[in-house]
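K.L.:
return a 3D structure for these sequence lines:
(3 chains)
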Amino acid sequence: MESTIQFNSGAPAVQMIDITKTFGTVVANNKVSLEIRRGEILSLLGENGSGKTTLMNMLSGIYYPDSGTIMVDGRPVSIRSPKDAFDLRIGMIHQHFKLVDVLTAAENIILGLNEKFVLDLKNVRKTVEEICGRYGFTVDPNKKVYNMSVSEKQTLEIVKVLYRGADILILDEPTAVLTPQETQKLFAVMRNMKEDGKSIVIITHKLHEVMEISDRVAVLRKGEYIGDIATKDTDPQQLTDMMVGRAVSLNIDRPDPVNPVRRLTVTGLTVIDDDGVKKLHNVSFAAMGGEILGVAGISGSGQKELLEAIAGLRIIESGDITYYEPHTGKAVSLLGMNPRDIKRLGVRLAFVPEDRLGMGLVGSMDLADNMMLKSYKKGRLPLTERKSPKQLAEKVVQDLEVVTPSISTPVRKLSGGNVQKVLVGREVEGDPTLLLSAYAVRGLDINTSYTIYRLMTEQKQRGAAVVYVGEDLDVLLELADRILVLCSGQVSGIVDARTTTKEEVGLLMTHLGAMQTEPADDKEVEA
Amino acid sequence: MDQLISLFTTAVTFGTVIMYGAMGEILTEKSGNLNLGVPGIMYIGGIAGLIGSFFYENGNPNAIPFVGMLIALVCAFAAAALAGLLYSFLTITLRANQNVTGLTLTIFGAGFANYFGGSLNTMAGGVGQISVALTSGVFRYSVPALKTIPVAGQLFFSYGYMVYLAIILAIVLNWVISRTSVGLNLRAVGENAATADAAGINVTRYKYLATCIGAGISGLGGLYYVMDYIKGTWANDGNIEALGWLAVALVIFATWKSVRAIWGAYLFGALYWLYNFVPSFIELLNNTFGWSIPPMTRAMQQIIQMLPYVVTIIVLLFVSFRKRKEDQPPASLGIPYFREER
Amino acid sequence: MSNIRKSLVREPIIHISRRTDIPRWHGWLIRCGGVLAGLLLSGLIIFLFFKVNPISAYGSMINGVFGEKWAGKTFYDGFAYSFAWIRDTMILLLIAVGLAPAFKMRFWNIGAEGQILVGAIAAAACMIFLGARVPSGLLLVIMAVAAVAAGAVWGLLPALAKSFWKTNETLFTLMMNYIALLLMEFFVAKWEDPPGSNSISIINRVDKTGWIPPVIEGETFGTSFLVITVLVLIFTTLMYVYLKHSKQGYEIAVVGESENTARYSGISVKKVVVRSMTLSSAICGLAGFFIVAGRDHTISDTTAGGRGFTAIIVAWLAKFNPFVMILIAAFLTFMDYGAKNIATRFNVPNDFSQIITGILLFCILGCEFFINYSVKLDFGRKGGKE
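P.N.:
You can find the predicted model right below:
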């Protein structure tokens, strides 16, 4: 497959031709052909699950293609291991860092190189400083990885790849964990590397970053190669069309809240995680029954911790969480309660966590058994009651059109969208008065996503208070009634979703205190 | 004084058996494999060395002691490494559960060694009749000039060469693991196999090699026990198995550092044999201070013998309580690795 | 160009991938294949060692267990070997059943050996000190309770350490085995009978208080194994129901799969870990009671005799299903008896049985791979040629 638009600059460094990779019955890449040129920054764009990472993993030797040819500098090659990739000067920076915690930065950098039998860390340090100087990084070679921040780890990963002499760098969603400042720094470094003649592939689904950093964009959709285009010749609208297959007019149905009543108030909430890092600081807000409160923020701003704290899964350092009963309006504090205590109080709290199979469901159990995850204690007998979970499973399968061989299939064997339907289905079946959801549509296809939006809105119309943590601002703007914006664990603003703009929310996500008055004093925390 | 010297030398001899076992297991565990087959491997090493030298000495009227020693050494190492290979094949290639495979190897190794040990006894004409005196002599040889130095000679120069080899091996092993690229790669494999793989390290090869060489080293512990400690014969007394488990304990006690295993091994040896010296110690106290501590019963001996295990549990608890990253077991210990897992 | 291709194009020949779905009967077929491979290999070894036809060797194993001595003996004597086989199967089964809840929770209880020993010590203590004062029936109950309590305590310590400090339970329970063994030697020395023997002879030999009584009075071997069989089978069934249908069993399954999910669903992980592990070790302690009261009638450092380790393998191979454990325990015990029988016949050390057991287990462990993974050989694209 030839690209539609020809570039005169840059000879092809890598050509992937008709690459196919399947996992069991799932086709991750179907006859994909892609070209990477010398001295360019190429964006590999696609929705979650479109096969971007799989494709690049075949370049870096993590996976091996079922069929197809890879050519580097015009020669067919077989990349069977990461070592083969290094030998071809290809280096990948994975989304989940591949670093060894107990080793130092320098040790991580020379891992697997076997330059000399006896480690010569002094020399490594010198080279590292040289690389850092050339591209503008800072890395402390003697620091242990477990003492590093996320952005330090990412820098280390890039230095590691450069140290190995990579000419082709693949970055898998590098900005997902970075602050805007860190992102800008990274982009500057990327431009320096491009000047140096290196080819860079950046895997992303953030359009503004594509427009800002790349020379060329290649788009994948559902494992298929859609096409490529020079960045200067395109705009976000066209890219979105390529990415999702049709123009995105979200058109999410958003009825006005009917008679919203206070359901949950959070005041001055501060949460510290197991590693002693302060994840939430002095967070205060109210969620109303009959409305959807959207929560926006760059990934890792404390969204997960906020929901888990409310659901009773986090130790709360200070602050209060109060629940108001729907009819009586009686206030109950949820402070210091675990999920069981909350349930015992009669609070109908539903929680759709981010990690579906690692928290919300038990992968090896079937649909029916998963239905009773929160209600297995029902009844006074020591034995579990199996009939109603089975009925419930049948109902969820029917209502949400879950594709499954039967209700006695382990949920691990279902596809991502169906797993999520099972989880959300179970959570809304209890007629919740408070529904928390984290990244409920991550990795789902458009149709399933709309099913989820519909379910959220139905719950809102039922009178439930819905807290919806999302990553797609367009969705938040059309689905939510109000949007709470988190920035580095603090509330940087609460806006009306009907009147606000994407720009305003974007600004709040990246700039603390853009609207709020200054945050309360930082109390130092003892680890 | 004599008593103390005697305790020291016993501790060193006994500790050396444990040290070999533990060093092999440290190497193995550094690659992320928890091999609970150490006792079985030590059994196999011991019997293989014995069989090798037995057939050499008995089939060769002009047997050269040194050659016998080499044959024993090679047989022990090779047979034990072969057992390690079996374990590696099952756990790394066939991804069988490590705990279960290791325990099976211990059952198999004990049966294998005692079966052939018993057969060898029969062949030699009865229990205790196996004679590999020449070979065993080399294993137990110590330089007379040095040995006769008062006190120091007894303390430091009265052992066979394998005692010193163990110390050297421990130091070399520590150096290789902490200061060379091979060691760095090995540590990475045991900590985080996926990361090591992504860094271009052949995880499977490292695991295989570390486990097989580790098993070979552990096997030398069995050989040292047979050749030096019980002087080149076979006794079906379950001692090797007990020592094998002590070796597993020592790995924890030494927090996966072979240099710490040196004094740890001697400490274990001393604790194991302490009961032998308590009576004279009590006597000494009674005589000196006029106390009347009752003599130790046989039952009390067992309580004292528990000490190495109790101390190990305390270390294990302390390490997990303190959570110091450097003292933890290799992070992927016991977890198999399969690249295309998704 | 073609030279370059030859050097660079290397295709992997073996493709291994995880099987997503495999019919259950298919899995069992592969397991049977593993057993068969083990039997063939053992047969080969028997042939090499003793130069006998393996089939006749296996035949004599079966004869050895099922009553070679039938002719000319009284009814019960004739079946003595079968009785012993069933009894030892049941004891092994009980330990494996006890391990099931811990393993299902992914808690590696390697300490069954020690838990059996402390259970046996407690049971023997009751026999020795209460034998003359308490009627046999009541004594049996007291012994069982004591054994259960002792086993429970032995498992409680690692469970507490695991749940509070995440202490590695494999290593902790392993160490506890040896402390238990030395404790056993301590009590053997303390209670030795006759003095100076450093062993304990059969306890209550004359009046048999604290012995599990035979079902049919007067026969010489003792149909006491029937009592053990019935009790252990009841336990096995109860454990099956407990794991599969009880609320606590559900909790164990959830904790074993993911601690986060457990916390999410309101399960107290610490509580479940401590409770299940205590249950597990208590049952192992009970097995110690059965060994003392129904088999050995004394204690020594071979009371557990490696059963705690073999049971781990039994539980693992059965994928924690108590009913499957019956088959595996019976098979392993059978092979053990059979191999010992062969060893006696050819006048070789009894340790021969451990070799056979080891080979069988290696084969069965290895064959699991072919259930979980599919291997495709790819000869079509070998080398650099196209």
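K.L.:
hey, where'd the strands end up in the stretch 151-300 of chain B?
P.N.:
Under the criterion DSSP state E, counting those that start in this stretch, the stretch 151-300 of chain B contains no strands.
K.L.:
try the stretch 101-250 of chain A
P.N.:
Going by DSSP E, counting those that start in this stretch, the stretch 101-250 of chain A shows strands at A:168-172, A:199-204, A:216-221, A:224-230.
K.L.:
find the nearest non-adjacent residue to the residue in the stretch 201-350 of chain C positioned nearest to chain B, please.
P.N.:
Among the residues of the stretch 201-350 of chain C, residue C:349 lies nearest to chain B; the distance is 3.4 Å by C-beta to the nearest C-beta. The C-beta positions use only the backbone N, C-alpha and C, and glycine is treated the same way. Nearest residue to residue C:349 in three dimensions, chain neighbours excluded: residue B:118, at 3.4 Å (C-beta to C-beta, 6 or more residues apart in numbering or on different chains).
K.L.:
where does the one you found fall, helix, sheet strand or coil?
P.N.:
helix (DSSP: H, G, I helix; E, B strand; the rest coil).
K.L.:
where does the chain have low pLDDT?
P.N.:
No chain was given, so I picked chain A. A:1-10, A:24-26, A:47-49, A:179-180, A:244-250, A:275, A:299, A:510-527 (pLDDT under 70).
K.L.:
not what I meant, chain B
P.N.:
In chain B (pLDDT under 70), the answer is B:1, B:127-128, B:339-342.
K.L.:
for it, what lies in contact range of chain A?
P.N.:
B:179-182, B:184-185, B:187-188, B:191-192, B:194-202, B:325-326, B:328, B:331, B:339-340, B:342 (C-beta under 8 Å from any C-beta of the partner chain).
K.L.:
so who does residue 132 touch?
P.N.:
Answering for chain A, as no chain was given. A:138, A:139, A:159 (C-beta atoms under 8 Å, 6 or more residues apart in numbering or on different chains).
K.L.:
hmm, I had chain C in mind actually
P.N.:
residue C:209.
K.L.:
all strands of the stretch 351-500 of chain A, in order?
P.N.:
Using DSSP E, counting those that start in this stretch, strands in the stretch 351-500 of chain A cover A:434-438, A:465-469, A:482-487, A:490-496.
K.L.:
quick one: closest of those strands to chain C.
P.N.:
If you check each of the strands of the stretch 351-500 of chain A against chain C by C-beta to the nearest C-beta, strand A:434-438 wins as the nearest, at 11.4 Å.
K.L.:
chain center to that closest one: distance?
P.N.:
Chain-centre distance of strand A:434-438: 17 Å, with C-alpha atoms, centre = their mean, to the nearest Å.
K.L.:
ok, stretch B:242-262 next?
P.N.:
8 Å.
K.L.:
so which of the contacts of residue A:132 wins on neighbours?
P.N.:
residue A:159 (23 neighbours; other C-beta atoms under 10 Å in any protein chain shown).
K.L.:
OK, contacts around it?
P.N.:
Neighbouring residues of residue A:159 by C-beta under 8 Å, 6+ apart: A:105, A:109, A:128, A:131, A:132, A:137, A:139.
K.L.:
CSV for the residues you listed, including distance to residue C:46?
P.N.:
Output for the contacts of residue A:159, formatted as CSV (distance: C-beta to C-beta, whole Å):
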residue, distance to residue C:46
A:105, 59
A:109, 56
A:128, 62
A:131, 65
A:132, 67
A:137, 67
A:139, 63
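K.L.:
how about the residues of the stretch 301-450 of chain A that lie near chain C?
P.N.:
So far as C-beta under 8 Å from any C-beta goes, the stretch 301-450 of chain A lies against chain C at A:311, A:313, A:338-340, A:343, A:351, A:353, A:355, A:357-365, A:369, A:372-374, A:376-377, A:382-384, A:386, A:413.
K.L.:
buried ones among these?
P.N.:
A:311, A:313, A:339-340, A:343, A:351, A:353, A:357-365, A:369, A:372-374, A:376-377, A:384, A:413 (16 or more other C-beta atoms under 10 Å in any protein chain shown).
K.L.:
next, count neighbours for residue B:47.
P.N.:
28.
K.L.:
same question, residue C:363
P.N.:
Under the neighbour criterion other C-beta under 10 Å, residue C:363 is assigned a count of 20.
K.L.:
do the helix or strand hosting it and chain B meet?
P.N.:
Counting by DSSP states H and E, the element that carries residue C:363 is helix C:352-372. Yes. Counting by C-beta under 8 Å from any C-beta, chain B has neighbours in helix C:352-372: C:352-355, C:357-359, C:361-362, C:365-366, C:368-369, C:372.
K.L.:
so which of the residues of chain B next to chain A sit within helices?
P.N.:
If you go by DSSP state H, the residues of chain B next to chain A have B:179, B:181-182, B:184-185, B:187-188, B:191, B:194-198 in helices.
K.L.:
looking at the residues you listed, which is nearest residue B:220?
P.N.:
Residue B:220 lies nearest to residue B:182 out of those, by C-beta to C-beta, at 20.5 Å.
K.L.:
who's in contact with that closest one?
P.N.:
A:114, A:117, B:176.
K.L.:
can you select the buried ones from these in ChimeraX?
P.N.:
In ChimeraX syntax, the buried subset of those is picked out as below (16+ other C-beta under 10 Å):
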select /B:176
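K.L.:
wait, is residue A:98 part of a helix?
P.N.:
No. Assigned with three-state DSSP, residue A:98 falls outside any helix and is coil.
K.L.:
burial measure for it, as a count.
P.N.:
For residue A:98, the number of neighbouring residues by other C-beta under 10 Å comes to 22.
K.L.:
most neighbours, which of the residues of helix C:352-372 next to chain B?
P.N.:
residue C:361 (28 neighbours).
K.L.:
confirm residue A:259 sits in a strand?
P.N.:
No. Secondary structure of residue A:259 (three-state DSSP): coil, not part of a strand.
K.L.:
for it, the count of nearby residues, please.
P.N.:
For residue A:259, the count of nearby residues is 8 (other C-beta under 10 Å).
K.L.:
distance check, residue A:197 against chain C.
P.N.:
Distance, residue A:197 to chain C, using C-beta to the nearest C-beta, to the nearest Å: 23 Å.
K.L.:
so the residue nearest to that residue when sequence neighbours are not counted: helix, strand or coil?
P.N.:
Residue nearest to residue A:197 in three dimensions, not counting chain neighbours: residue A:39, with 5.2 Å by C-beta to C-beta, 6+ apart. The assignment at residue A:39 comes out as coil when based on three-state DSSP.
K.L.:
okay, how far is it across stretch C:203-215, tip to tip?
P.N.:
Start and end residues of stretch C:203-215 are separated by 20 Å (C-alpha to C-alpha, to the nearest Å).
K.L.:
which other residues reach it?
P.N.:
So stretch C:203-215 is contacted by C:123-124, C:126-128, C:130-132, C:134-136, C:139-140, C:143, C:222-224, C:226-228, C:290, C:293-294, C:297-298 (C-beta under 8 Å, 6+ apart).
K.L.:
all set, thanks.
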